[in-house]
Structures are given as structure tokens and as C-alpha cells.
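>>> next come a sequence and a model predicted from it.
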Amino acid sequence: MTMWDRMQEEGKIEGRAEGKVEGKVTLPNSQLTIGANGSIKAEVQAKSVVVIGRVSGNVRGTERVEIQATGIVEGDVIAPRLVVAEGAVVNGSIQMTSKPGAAAHSPSQSEPRRATGTAG
């Protein structure tokens, strides 16, 4: 497992995971990118999450979640904004929260939709 944290111009920390990670990954004020070689078995929470590799576990983005064409998520996705590229795989429920920051709170009373399959 290799994990890089990089200071950006605005002083934000960005995390990138390549390889295997297990447990819980939390970056509440930062972006987390699961790279092409990343295989995460964890609950993932960050301000913004980009999935290029594989995640087995729930993914929560307080601002957005992006699943690129090679990305695979085996778990629920919770975010106010969601981008799913053609070819991406999501096997779990998707809950779109009403506003940024609301993803960190309890789910709304509406039932999340269940999505299984491949985009495209």
C-alpha cells in the first residue's frame, strides 16, 4: 500500500491510495483518489472522492463522488453530487443528499434507490 498526502496551493491535503487498504479512510476536508491500482476494503469518507480503482465498502462524499470508467464500487454511495462515467460499476444503493454537507448527517426520509450494474 502506498499513500501520498500532498499539500496544495490553498493548504488542502489530498490523499491518493494505490495498492490495498483495509479499515476506515476519513479525510473530511480533503479529496481522496483511489487510483487505478487501488483496492480498498473500507468505509470511505472525504469531502470529495474519486474512484478509479476498486472500493468494497460504503463511499460518502460531503461534496461529491466521482466514479470513473474503470472504477468499481461494491457498496452504497452517498453524496450531494455524483458523477458516474460510462463503464463504471456500482453495486449498491445511491443516496443523493439535498445539499453539500448534508451527506455527513442522517439519511433523509426518502428511500435510497438500489443500483446494480454497469454504466453505459
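Received it, and whenever you're ready, just let me know what you need.
>>> going by C-alpha atoms from here, please, whenever you check contacts or count neighbours.
Will do.
>>> in stretch 71-84, which residues are buried?
Using 16 or more other C-alpha atoms under 10 Å as the test for burial, stretch 71-84 gives 71-82, 84.
>>> hmm, who's touching it?
Contacting residues not belonging to stretch 71-84 are listed as 36, 51-69, 88-100, 102-103, 119 [C-alpha atoms under 8 Å, 6 or more residues apart in numbering].
>>> what's the separation between R60 and I67?
Distance of R60 to I67, given as C-alpha to C-alpha, to the nearest Å: 12 Å.
>>> for V51, that is, sorry about that
Here the criterion is C-alpha to C-alpha. By it, V51 lies 5 Å from I67.
>>> try V90
Look at V90 and I67: by C-alpha to C-alpha, they are 8 Å apart.
>>> what does V50 give?
As for V50, its distance to I67 is 6 Å (criterion: C-alpha to C-alpha).
>>> what bits of this structure have low per-residue confidence?
Within the chain, the ranges that satisfy pLDDT under 70 run 1-14, 99-120.
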